[in-house]
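J.: Have a look; sequence and predicted model below, questions after that.
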Amino acid sequence: MIISSAKPFEEILASFENEDDIFVIGCNVCAAKLHIGGEPEVLVMCEQLRAAGKNVVGWALPTAACSVRSWESLVEKNAAIEDARAILVMGCGSGTSVVASVADVPVYSSNDTTSLGGLSHDAVLHDQCAMCGKCTIDDFGGVCPTAQCAKGLLNGPCGGSMDGKCEVDRDMDCAWELIYKRLKVLGRLDLLDRIHEPKEH
Ligand code: SF4
Ligand code: SF4
């Protein structure tokens, strides 16, 4: 899933300094799971905008903001959007850009998008995949060095890790230590012998 976090409300409001008649679009997938764009957050946003003196003409919660098909499909389910002079998307950057591609009014995002990650036991996992286009994660026990090693090393560690932490950022686990531990559990340490050519990005 796409990992994003909510911008401060003051920052969102500032972007509407010269805008009014706002339509709010949430996202019922990633943003809803992260509690930054599901129905409860959309309703709170509408209230906050109204309390700040803005006219909110309506809101919608498509399954995924990044898969809005067309302006017509939005209007079909949400006629009020035709009265909008600005749109606020409470999804990721991709969702905002898809909505902007079908809308003729300015489109803003309420969130900052940081990485492709996941959610496990309520913990947000950042940078699980760097979208390289040639997936070899099975060679690394499911821990992607392209995304999780600070140097993107494909053929073993740099040698700078200390106590399992990365030398570039001591708050980060060394991806290669995670890979080694995982392959050991799986009984597949033989995969460490594979040589990985540089990727053609
Ligand atoms: S190798 Fe890593 S960056 Fe590339 S697609 Fe697979 S998980 Fe994503
Ligand atoms: S310490 Fe580990 S994660 Fe950090 S750059 Fe070196 S190999 Fe990669």
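T.: Thanks, I have it. Numbers count the residues shown, from 1 in each chain. Ligands and ions are numbered 1, 2, ... in the order given.

J.: From now on I want contacts and neighbour counts done on CA atoms only, so please keep to that.
T.: OK.

J.: what ranges do the strands span in the chain?
T.: 2-6, 22-25, 56-60, 86-89, 107-109, 111-120, 123-129 (DSSP state E).

J.: Can I get these in a markdown table including mean neighbour count and distance to ligand 1?
T.: Below are the strands of the chain laid out as a markdown table (neighbours: other Cα atoms under 10 Å; distance: least, Cα to the nearest ligand atom, whole Å):
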| stretch | mean neighbour count | distance to ligand 1 |
| --- | --- | --- |
| strand 2-6 | 21 | 13 |
| strand 22-25 | 26 | 29 |
| strand 56-60 | 21 | 31 |
| strand 86-89 | 26 | 26 |
| strand 107-109 | 21 | 25 |
| strand 111-120 | 16 | 9 |
| strand 123-129 | 15 | 4 |
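
J.: Rebuild those as JSON lines, extending it with mean pLDDT and distance to Q148.
T.: Formatted as JSON lines, the strands of the chain follow (pLDDT from 0 to 100; distance: least, Cα to Cα, whole Å):
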{"stretch": "strand 2-6", "mean pLDDT": "95", "distance to Q148": "15"}
{"stretch": "strand 22-25", "mean pLDDT": "98", "distance to Q148": "32"}
{"stretch": "strand 56-60", "mean pLDDT": "97", "distance to Q148": "35"}
{"stretch": "strand 86-89", "mean pLDDT": "96", "distance to Q148": "29"}
{"stretch": "strand 107-109", "mean pLDDT": "95", "distance to Q148": "27"}
{"stretch": "strand 111-120", "mean pLDDT": "93", "distance to Q148": "11"}
{"stretch": "strand 123-129", "mean pLDDT": "90", "distance to Q148": "6"}
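
J.: Could you export those strands as CSV, including distance to ligand 2?
T.: Formatted as CSV, the strands of the chain follow (distance: least, Cα to the nearest ligand atom, whole Å):
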stretch, distance to ligand 2
strand 2-6, 21
strand 22-25, 38
strand 56-60, 42
strand 86-89, 35
strand 107-109, 32
strand 111-120, 17
strand 123-129, 12
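
J.: Reformat those as a markdown table; add distance to E39.
T.: Converted to a markdown table, these look like this (distance: least, Cα to Cα, whole Å):
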| stretch | distance to E39 |
| --- | --- |
| strand 2-6 | 14 |
| strand 22-25 | 10 |
| strand 56-60 | 9 |
| strand 86-89 | 12 |
| strand 107-109 | 16 |
| strand 111-120 | 15 |
| strand 123-129 | 20 |
